[in-house]
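# I'll drop the sequence and a predicted model, then ask my questions.
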Amino acid sequence: MSDKKQVIIIGAGASGLMAGIMAARGEAGVTILEKEKKPGRKLLRTGNGKCNLTNTGDLRCAYHGTDSGFAARALDAFSVQDTIRFFTEIGLYTTSRNGWVYPYAEQAESVLTCLLRECAKLKIKIKNNETVTAVTKDKDHFRVQTSTWTYRADSVILCCGTAASLVKSQLPCNGLMLAESLGHNTVPQRPSLVPLICDGASKKGWGGVRIQGKCTLCVNDVELSSEAGQIQLTEQGVSGIPVFNISGKALILKDGGLPVTLKLDFFPDFDRAMTQAFLEKRRDLLATDDMKSILTGLFPEKLIPALTGGAHSIEELTDNIKSCELQVKGSAGAGSAQVMSGGIRTDEVNAATSESMVCPGLFITGELLDIDGACGGWNLQFAWSTGANAGRHAALPNRRIYDKNI
């Protein structure tokens, strides 16, 4: 039998592959168990197949969770620059678009190929079609049970993600169950970075329209947060990056029994007074009081009926354009979400090492933790950081539980 420290990783996604590489570089024997037929399924879909790897922007408002500072501490231990350097070392050339970092090839497949090539170089075993059903600890060792085998390990790293973007045939996702069986507690999970379903949207006839705008989250007329960018209007509600970035908070508030409203501004470059003056000039220029004619050539044709509905004056038309209100009913569900909010409580995990403070030798990464990030590569960066931290420390011959505030 090998004298190498044996590390079992559950899940061959972004954080799992990173954890495996770092553990193997630390001279551990590494086996990754993946329930799918191939590794990296979610990774191939990120960034619409282009894989937004990370983000060099300000991370202070990028993460959410019971303790959003947990993410910053994890990134202190393995930073954005560490991530870019890592991918450069394994052969991936990257490019930045206003801080959003992508592979130069603009293909997620190139990211996965480089990761798998490094895994092969380090002789990491990746076993597909292996669904883990139980993890138990006996003194200083773990037993990882699948439908076909029982694996013995010195350390176990949970990298198996959540139900986000999974179809029914890929469920259940058992990462939370495995962590709970080893003593961990969880914060309820909800879809995040997800399209929102809104009351009355189906009557507006705007499905398929994409337009630059601003989306503001409100409760009882109090504005809580706003996001600007391309908004996608659907038959059931709204989607797009601005909506995704406020969706998690909206659903938490909705589940708390509060009336959640979205205010859409379809002309965000002008304030209300400027917008009204602009529309009055268009009315005079076109010599018409017909509201639809005033908006023709300004907005997508499919959107105009929704903006002119009930408007009999320029003032009312301005209200419709600058403050289109929608009541949030729910979300398109976990299968349409990029990530989930909630998860394993972060006060039970060391941010700098990803090691459990409940079950020494167990490490927890990525989506399983009660952290979710904004669009723009932040969630993948959290996966790289927590995976790297877990892999490096799981491979150490003499581990210890670190201060959770490191």
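Right, received. Where do you want to start?
# ranges for the helices of the stretch 151-300 of the chain?
Taking DSSP state H, counting those that start in this stretch, the helices of the stretch 151-300 of the chain run over residues 175-181, 241-255, 272-286, 291-295.
# can you pull the contacts of the closest residue in space to residue 194 that isn't next to it in sequence?
Closest residue in space to residue 194, ignoring its immediate chain neighbours: residue 337 at 3.9 Å, by C-beta to C-beta, 6 or more residues apart in numbering. (Glycine included, C-beta is placed from N, CA and C.) With contact taken as C-beta atoms under 8 Å, 6 or more residues apart in numbering, residue 337 is in contact with 164-165, 191-194, 331.
# Roughly how far does residue 337 sit from residue 13?
15 Å (C-beta to C-beta, to the nearest Å).
# The helices of the stretch 151-300 of the chain into TSV, with extra columns for mean neighbour count?
Below are these laid out as TSV (neighbours: other C-beta atoms under 10 Å):
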stretch	mean neighbour count
helix 175-181	19
helix 241-255	22
helix 272-286	15
helix 291-295	19
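# nearest to residue 51, of those?
Checking these against residue 51 by C-beta to C-beta gives helix 241-255 as the closest, at 16.0 Å.
# residues in contact with that closest one?
64, 190-196, 213-215, 217, 219, 224-232, 260, 262, 328, 330-331, 338, 341, 372, 374-375.
# buried subset of the residues you listed?
For those, a burial check counting by 16 or more other C-beta atoms under 10 Å picks out 64, 190-196, 213-215, 217, 219, 226-229, 231-232, 260, 262, 328, 330-331, 338, 341, 372, 374-375.
# For residue 235, which non-adjacent residue is spatially closest?
Residue 235 sits nearest to residue 207 (C-beta to C-beta, 6+ apart), 3.7 Å away.
# contacting residues for the residue lying closest to residue 238 once chain neighbours are set aside?
Leaving aside its sequence neighbours, residue 238 sits nearest to residue 196 (C-beta to C-beta, 6+ apart; 5.6 Å). Residues near residue 196 by C-beta under 8 Å, 6+ apart: 237-239, 243, 247, 250, 262, 328, 330-332.
# 7 Å - rerun?
Residues near residue 196 by C-beta atoms under 7 Å, 6 or more residues apart in numbering: 237-238, 243, 247, 250, 328, 331.
# which one in the chain is furthest away from the centre?
residue 287 (49.1 Å; C-alpha atoms, centre = their mean).
# so what's residue 227 bridging to?
According to DSSP bridges, the partner residues bridging residue 227 are residue 215.
# Name the spans of the stretch 301-406 of the chain whose pLDDT lies under the cut-off.
Across the stretch 301-406 of the chain, residues meeting the criterion (pLDDT under 70) sit at 398-406.
# likewise the chain?
In the chain (pLDDT under 70), the answer is 1-2, 167-171, 398-406.
# State which helix of it is the longest.
helix 378-394 (DSSP state H).
# Quick one: list the elements packing against that helix.
Where contact means 3 or more C-beta pairs under 7 Å, 6 or more residues apart in numbering; DSSP states H and E, helix 378-394 is packed against helix 14-25, strand 54-55, helix 69-77, helix 80-89, strand 155-158, strand 372-373.
# what's in contact with stretch 108-123?
17, 20-21, 24-25, 39-40, 43-44, 46-47, 49-51, 53, 87, 90-92, 103, 126.
# And stretch 284-304, by the same measure?
205-206, 208-209, 211, 266, 279, 282-283, 307-308, 311, 317.
# hang on, the earlier thing: need the contacts of residue 196 in TSV with distance to residue 119, can you?
Supplementary listing: the contacts of residue 196 in TSV, determined by distance: C-beta to C-beta, whole Å:
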residue	distance to residue 119
237	41
238	40
243	36
247	34
250	39
328	42
331	35
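# are any of the contacts of stretch 108-123 buried, and which?
Using 16+ other C-beta under 10 Å as the threshold, 17, 20-21, 24, 39-40, 43, 46-47, 50-51, 53, 87, 90, 92, 103, 126 are the buried ones among these.
# Please name the residues that touch the most centrally placed residue in the chain.
Compute the mean C-alpha point of the chain, and by C-alpha atoms, centre = their mean the closest residue is residue 339, 3.9 Å away. Counting by C-beta under 7 Å, 6+ apart, residue 339 touches 164, 192-193, 367, 372, 379.
# cutoff 8 Å now
162, 164, 192-193, 367, 372-373, 379.
# Max pairwise distance over the residues you listed: which two?
162 and 373 (13.4 Å).
# Which one of the helices of the stretch 151-300 of the chain lies nearest to residue 362?
Using C-beta to C-beta, the nearest of those to residue 362 is helix 175-181, at 7.8 Å.
# name the helices or strands packed onto that closest one?
strand 132-138, strand 155-158, strand 186-192, strand 339-344 (3 or more C-beta pairs under 8 Å, 6 or more residues apart in numbering; DSSP states H and E).
# Mark which of the contacts of stretch 284-304 are part of strands, please.
residue 211 (DSSP state E).
# one step back: same list as before, the helices and strands packed on helix 175-181 that is, but in JSON lines and with distance to residue 4 included.
Shown next, in JSON lines, are these (distance: least, C-beta to C-beta, whole Å):
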{"stretch": "strand 132-138", "distance to residue 4": "20"}
{"stretch": "strand 155-158", "distance to residue 4": "12"}
{"stretch": "strand 186-192", "distance to residue 4": "33"}
{"stretch": "strand 339-344", "distance to residue 4": "28"}
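# Return the most buried member of those strands.
Highest mean neighbour count of the helices and strands packed on helix 175-181: strand 155-158, a mean of 30 (counted as mean count of other C-beta atoms under 10 Å).
# Any idea how far apart the tips of stretch 282-302 sit?
20 Å (C-alpha to C-alpha, to the nearest Å).
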